[in-house]
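S.K.: sequence and predicted structure, then a few things I'm wondering about:
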Amino acid sequence: MNKFINMILLVLFFPTMLVTIYVGFDLPLGFLKVSGANLPFKEEIFLGLGLCIFILNIRRSVRRWMGVNIVSKTAKFKWTSTVAKSRKTRVITYLILETCVMTFVGIALYKVSNYAWAPSLAFLIAAFDNLIFSVLGGVTNLYKVGLSSKALIVADRDVILLYFTGLRKVSIHQQSVYFDYVKGLQLSFPSDCIPEDKKPEFFKILEENIDSEKVFFSKTK
């Protein structure tokens, strides 16, 4: 989900950047027959782009915070653990990088044209949310993995929710655990999110909570 949203944000960024440069530097475009400063509905265009960027980032933010909130309720799970230290470090690093990029983009857009305040603000709000999420993740046990009788949830930079309903096969390959469902659906989660010393216990409880008559559990790595 996080990669998908980042891809959409990248797609939205390019037209936003082009329109900002066009308006900010008052560039002439022959086929539009109007210069950037005189572009009609430019406020509405920037507002629309800003709302799209804001909605995407809010959707990601809500999903993240809901995920960590759910997995923090340890009484609802048969097994829980904070993510492995190496995974936590990598998650925080990526979050900080995203924060720096979004902060730079937000400031740059507004510097080029103050008409771009809406997309600029959307990126800066997302950067602030990322910063809070990374700081809290660094000083607390915010990022966790939870295993219940019905599903597995991994909540850190992204939220991965894997239900056991319709599951047909669980297999381990390199750094991922694959869940194969009916109708050819395959989902996965990174096994490196689980601390090494807790992996035997995790896989034991996972195997106990899936129907062995319907689900093939492959332990071959």
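M.R.: Yes, it's here. This is a predicted model, so every value here is computed, not measured. Numbers count the residues shown, from 1 in each chain.
S.K.: can you confirm L142 is in a helix?
M.R.: No. Under DSSP: H, G, I helix; E, B strand; the rest coil, L142 falls outside any helix and is assigned coil.
S.K.: any chance you could list what contacts the lowest-mean-pLDDT helix or strand in the chain?
M.R.: When the helices and strands of the chain are compared on mean pLDDT, DSSP states H and E, strand 28-29 comes out lowest with a mean of 78. For strand 28-29, contacts defined as C-beta atoms under 8 Å, 6 or more residues apart in numbering pick out 22, 35-36. (Glycine included, C-beta is placed from N, CA and C.)
S.K.: next helix or strand past that strand?
M.R.: strand 34-35 (DSSP states H and E).
S.K.: tell me the helix or strand right after that following strand.
M.R.: With DSSP H and E, the next secondary element past strand 34-35 is helix 42-71.
S.K.: for A37, which non-adjacent residue is closest in space?
M.R.: Using C-beta to C-beta, 6 or more residues apart in numbering and skipping residues adjacent in sequence, the residue nearest A37 is D26, 4.2 Å away.
S.K.: confidence score at S35?
M.R.: Listed pLDDT for S35 reads 82.
S.K.: burial of it, as a residue count?
M.R.: 14 (other C-beta atoms under 10 Å).
S.K.: T93 too?
M.R.: 12.
S.K.: tell me the buried residues in the one helix or strand it maps to?
M.R.: Using DSSP H and E, T93 sits within helix 85-112. Judged by neighbour count using 16 or more other C-beta atoms under 10 Å, the buried positions of helix 85-112 are 87-88, 90-92, 94-95, 98-99, 101-103, 105-106, 109-110, 112.
S.K.: how about stretch 153-164?
M.R.: Buried-residue list, stretch 153-164, by 16+ other C-beta under 10 Å: 153-162, 164.
S.K.: now those residues as a markdown table including pLDDT?
M.R.: Below are those laid out as a markdown table (pLDDT from 0 to 100):
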| residue | pLDDT |
| --- | --- |
| I153 | 96 |
| V154 | 95 |
| A155 | 95 |
| D156 | 93 |
| R157 | 91 |
| D158 | 91 |
| V159 | 94 |
| I160 | 94 |
| L161 | 95 |
| L162 | 95 |
| F164 | 93 |
